[in-house]
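Chemist: below are the sequence and a predicted model; questions follow.
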Number of protein chains: 2
Amino acid sequence: MAAEAPRQAVHDLRDEVMRLLDRHRVLTSLASRQQTPRHDLLEQMQHRQNLVELQRHLRLQHPADIAVILDSLSSDDRLLVFRQLEPEQAGAALVEASEAVRASLIQELNRDELVRALRTLDADDLAFLSGEAPESVLEEVSQSLEASDRSWLKDARHYDENSVGRLMTQDVVVVRESQTVAEVLDDLRLRQEIPDQTDRLFAVDARQIVRGAIPLHMLVRSDPAATIKDVMVGDIASFTPETAAAQAAKAFEKYDLVSAPVVDDRGKLIGRITIDRVMDYVRDSAEQLALARAGLRGAEDLFASVRQSVHNRWPWLALNLVTAFLASRVISQFEDTITSVVALAALMPIVASMGGNTGNQTIALVIRALALDQLREQHGQLVRKELTVSLVNGLMWGAVTGLLAYVLYRDAALGAVMMAAVLLNLVVAAVTGIAVPLILHRARRDPAQGASVMLTFITDSMGFFLFLGLAQVLLL
Amino acid sequence: MAAEAPRQAVHDLRDEVMRLLDRHRVLTSLASRQQTPRHDLLEQMQHRQNLVELQRHLRLQHPADIAVILDSLSSDDRLLVFRQLEPEQAGAALVEASEAVRASLIQELNRDELVRALRTLDADDLAFLSGEAPESVLEEVSQSLEASDRSWLKDARHYDENSVGRLMTQDVVVVRESQTVAEVLDDLRLRQEIPDQTDRLFAVDARQIVRGAIPLHMLVRSDPAATIKDVMVGDIASFTPETAAAQAAKAFEKYDLVSAPVVDDRGKLIGRITIDRVMDYVRDSAEQLALARAGLRGAEDLFASVRQSVHNRWPWLALNLVTAFLASRVISQFEDTITSVVALAALMPIVASMGGNTGNQTIALVIRALALDQLREQHGQLVRKELTVSLVNGLMWGAVTGLLAYVLYRDAALGAVMMAAVLLNLVVAAVTGIAVPLILHRARRDPAQGASVMLTFITDSMGFFLFLGLAQVLLL
């Protein structure tokens, strides 16, 4: 196994890899220019030597570090580096790489290369990749698994992508509650390997129903003659494969778990979920969320092709174009007013922008409360508070913007219109900022994704309408 | 210790707590209305009984579950519930609660209540709270600690808030590499307690320098006569107290760690960092980031006072007001143009909005790459790719918006101006979307926080300038 703390820092390794890739490029371009057979031999040797050096650098690295390097390379370089890896490393690096990079590698590798890398993985890792690798490749790879692993993989692939079933592993050390501590210790000594993240052993009864767990440190300190039943911890958290991964993550966080049993409907042990997979899940979802908020649909890696990028980004832009055009239609209703007082055209984006910003602040708070499951029956209280805040902010910022408008245009009525419009739009923003995420949540849609577009649409349209409407009434 | 998987689900507990709080409010209002002494006794009894029931419900709950309930209550109710807790529970719930709720409790509890709760905590937890509880309270509480704990707390409080020093614990099981496995097992049996998350024991040499670690499962399976040195894993990741917490989190994630030693400059063991604290840190930072992106400075809880909320939100609104006014000045330079072709006023926000949206997509990708440390020398490559994407998108969306403008106003020249302005603004957005986060990153500022405001300012101003400028040249 690769060392946990590599002697060579990832930065240094990456610099070295980059250097070798540059040399590779130089040699390749030389080779393509000088087609004379005389140079061939020497150059081919240099070329091969260069790749051997690259292999040597990569060999001893932890797959997680190799994944970091793969993530930071352009797709050509990435493929070249990946091809220098031993099959075991290649398989493990594929598991560790980010989703977008994994997708690009799976697409660009030929079938044999992919099969060779995936063959080195166990059923758990294959289950993890099952949504991404081609069906037929997985089928072929799974032929070389043992029958029990094959059926595990088959089951695991059916669970929802964001469920415990996809994160769980079958590597679990089980003891019978009727065994003595001494017997369990003897059994442990006979095992070739204990899976990582085994902080405790799960105790089952005769029907394989999970009854409790015994932490390893308790095991070594217990009376060898005692039965597991006497020394185990009884009331432990367990999950079914259908449990949402997010819910399991919350439990791991709350109860500081390292591992927990996965059981079927009757409580029978079928696998185990561990903190490392949970933490990967938490990190991945946080990242996906950040990208989704900016309107990036899938996992897009930094060096994705232009075609992929355009494809990935267009739905968001299309949606925004529609809302922007609708808001623009509000303005066009007041063209006569703008022609009379052209200052309105310059000032109206300010009203819209203040509304959008305060509304997004409210949305961020509500979304966080929904994610933490804090909002149940106190909607009234929340609405009162946010309305008060928006009134205070509206009076304050309305006064400031109104004053600025007056100073710029020396028009007291225009200043008053500005002030009233900002105040009213901030109230609109507060109500919208609460209502939109709650409605999306009720409709079982992710409020983090669509709320901001809808809010901006409303605060823009209402900002324009309030400002230009008030101006039409009061200034003309 | 409270059970890990409470029989009563948190939802049910919360509903029950809410019901008792409602009854408490009814009884309180009754008591204040009927001032006759005759009713007093009965009502007081009911009142007390109600609170006793509340206490009974809370007693057996895990502090993490109580924290969830505290998070979802308004500040009055929260205080009432908190006061029904046993001191040990109160202390632990304070540690588990979200930062904003903890801040409000610390502020509203009287000094004695706070001291009583904090006295039940150990030095690690006190170190964790040290930035938030008043100096003098911590001073008083630390008087009742043992001398070694007191000096540990004093040291821990000096480390930066986002460093390993603040997350580490002093609870660590150390063995000498010269001990035999049998000796270590005997020592373990004599210990009253083994700290949670002890997956492995750290092995030190005679000078307390960390030399390796032995996983518990390896310990029970090793030859009792072997020395630790022979069976330990040598090359393990360790951190200094000054290590950034984010860096430690990355290592935990990459190498699937459960615990790691914290050492001083010479490699001497001073403490331990565990996955549960790391995971809390990861979750907290992700939340803070999401709030910061919407311009919420600190931890603001859902039921914070209006005063706090206004205070928390104003800097962001002020900044946005300034940028919105500056963008408005760009428009006012073209007032004559707008007066001649008033359609420009309605169409100009579309140009600005398309730029803002594509730019934010680029920013999201660049920020993610920076966070994952993927961007080192490939800036040129990135710029080329994003520019190409923006050109493709610009031609596509420029054509669509241009066509829409033509259809709406039956003016081919206006359509052409629209098309050119959208195309150019998308290119501006791509360049800005790359440059702004990179510049902020170089200047050692968090790119996630300021990048979006700056981008929107530039895409708004340039959008108005390009559209109105082109219109002035081509339409008048």
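Modeler: Structure received.
Chemist: is the helix or strand hosting A:Asp76 positioned near chain B?
Modeler: Taking DSSP states H and E as the definition, A:Asp76 sits inside helix A:75-83. No. Helix A:75-83 lies apart from chain B when judged by CB under 8 Å from any CB of the partner chain; the minimum separation is 9.3 Å. Where you see a C-beta, it was placed from the backbone N, CA and C, and this is true even at glycine.
Chemist: run a quick neighbour tally on the closest residue to A:Ala430 other than its chain neighbours.
Modeler: Counting by CB to CB, 6 or more residues apart in numbering or on different chains, A:Ser390 is the residue found nearest to A:Ala430 once chain neighbours are left out, at 3.6 Å. By the criterion of other CB atoms under 10 Å in any protein chain shown, A:Ser390 has 29 neighbours.
Chemist: mind listing what A:Ser390 touches?
Modeler: Taking CB atoms under 8 Å, 6 or more residues apart in numbering or on different chains as the contact definition, A:Ser390 lies against A:Thr358, A:Leu426, A:Val427, A:Ala429, A:Ala430.
Chemist: got a winner among those residues for most neighbours?
Modeler: Each of these was scored for neighbours by other CB under 10 Å, and A:Thr358 scores highest at 32 neighbours.
Chemist: could you give the angle of the strand or helix carrying that one to helix B:343-371?
Modeler: Using DSSP H and E, the secondary-structure element containing A:Thr358 is helix A:343-371. Interaxial angle, helix A:343-371 versus helix B:343-371 (axes from the mean of the first three to the mean of the last three CA atoms, to 10 degrees): 40 degrees.
Chemist: so for helix A:343-371, mean pLDDT?
Modeler: For helix A:343-371, mean pLDDT rounds to 92.
Chemist: flag every buried residue along the helix or strand just after that helix.
Modeler: As assigned by DSSP H and E, the chain's next helix or strand after helix A:343-371 is helix A:379-409. Going by neighbour count (16 or more other CB atoms under 10 Å in any protein chain shown), the buried part of helix A:379-409 is A:382, A:385-387, A:389-391, A:393-394, A:396-398, A:400-402, A:404-406, A:408-409.
Chemist: for A:Leu296, see how far away the closest residue to chain B within the stretch 301-450 of chain A is.
Modeler: Residue of the stretch 301-450 of chain A nearest chain B, by CB to the nearest CB: A:Ala364 (3.5 Å). Between A:Ala364 and A:Leu296 the computed distance is 19 Å (CB to CB, to the nearest Å).
Chemist: pick out whichever of those two has more residues nearby.
Modeler: Neighbours were counted for A:Ala364 and for A:Leu296 using other CB under 10 Å; A:Ala364 has more, 24 against 21.
Chemist: spatially nearest residue to the more buried one (excluding sequence neighbours)?
Modeler: Leaving aside its sequence neighbours, A:Ala364 sits nearest to B:Ala294 (CB to CB, 6+ apart; 3.5 Å).
Chemist: just the pLDDT for the nearest residue to A:Ser98 once chain neighbours are set aside.
Modeler: Among residues not flanking A:Ser98 along the chain, A:Asp71 sits closest, at 5.5 Å (CB to CB, 6+ apart). Looking at A:Asp71, its pLDDT is 83.
Chemist: measure A:Asp71 to B:Ser328 for me?
Modeler: Taking CB to CB as the measure, A:Asp71 falls 42 Å from B:Ser328.
Chemist: right, and A:Leu423 touches A:Gly398 too?
Modeler: Yes. Using CB atoms under 8 Å, A:Leu423 is in contact with A:Gly398, at 4.1 Å.
Chemist: now do the host helix or strand of A:Ala292: which elements does it pack against?
Modeler: Assigned by DSSP H and E, A:Ala292 belongs to helix A:275-293. Applying 3 or more CB pairs under 8 Å, 6 or more residues apart in numbering or on different chains; DSSP states H and E, one finds that helix A:275-293 makes contact with helix A:164-167, helix A:245-255, helix A:447-475, helix B:245-255, helix B:275-293, helix B:343-371.
Chemist: chain center to whichever helix or strand comes after that helix: distance?
Modeler: Going down the chain from helix A:275-293, the next helix or strand is helix A:306-332, by DSSP H and E. Chain-centre distance of helix A:306-332: 24 Å, with CA atoms, centre = their mean, to the nearest Å.
Chemist: now do stretch A:340-347
Modeler: 44 Å.
Chemist: is there proximity between that stretch and chain B?
Modeler: Yes. Stretch A:340-347 lies within reach of chain B by CB under 8 Å from any CB, at A:Val342, A:Ala343, A:Ala345, A:Ala346, A:Leu347.
Chemist: make a markdown table out of those residues and add neighbour count.
Modeler: Formatted as a markdown table, those follow (neighbours: other CB atoms under 10 Å in any protein chain shown):
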| residue | neighbour count |
| --- | --- |
| A:Val342 | 19 |
| A:Ala343 | 21 |
| A:Ala345 | 30 |
| A:Ala346 | 25 |
| A:Leu347 | 27 |
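Chemist: out of those, which comes closest to B:Leu414?
Modeler: Relative to B:Leu414, the closest of the residues of stretch A:340-347 next to chain B is A:Ala345; by CB to CB it sits at 15.7 Å.
Chemist: pick out the most distant pair among the residues of stretch A:340-347 next to chain B.
Modeler: Distance extremes for the residues of stretch A:340-347 next to chain B: the farthest pair is A:Val342 and A:Leu347 at 10.1 Å, using CB to CB.
Chemist: sorry, back to before: distance to B:Arg23 for the residues of stretch A:340-347 next to chain B - can I get that in TSV?
Modeler: Output for the residues of stretch A:340-347 next to chain B, formatted as TSV (distance: CB to CB, whole Å):
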residue	distance to B:Arg23
A:Val342	62
A:Ala343	59
A:Ala345	58
A:Ala346	58
A:Leu347	53
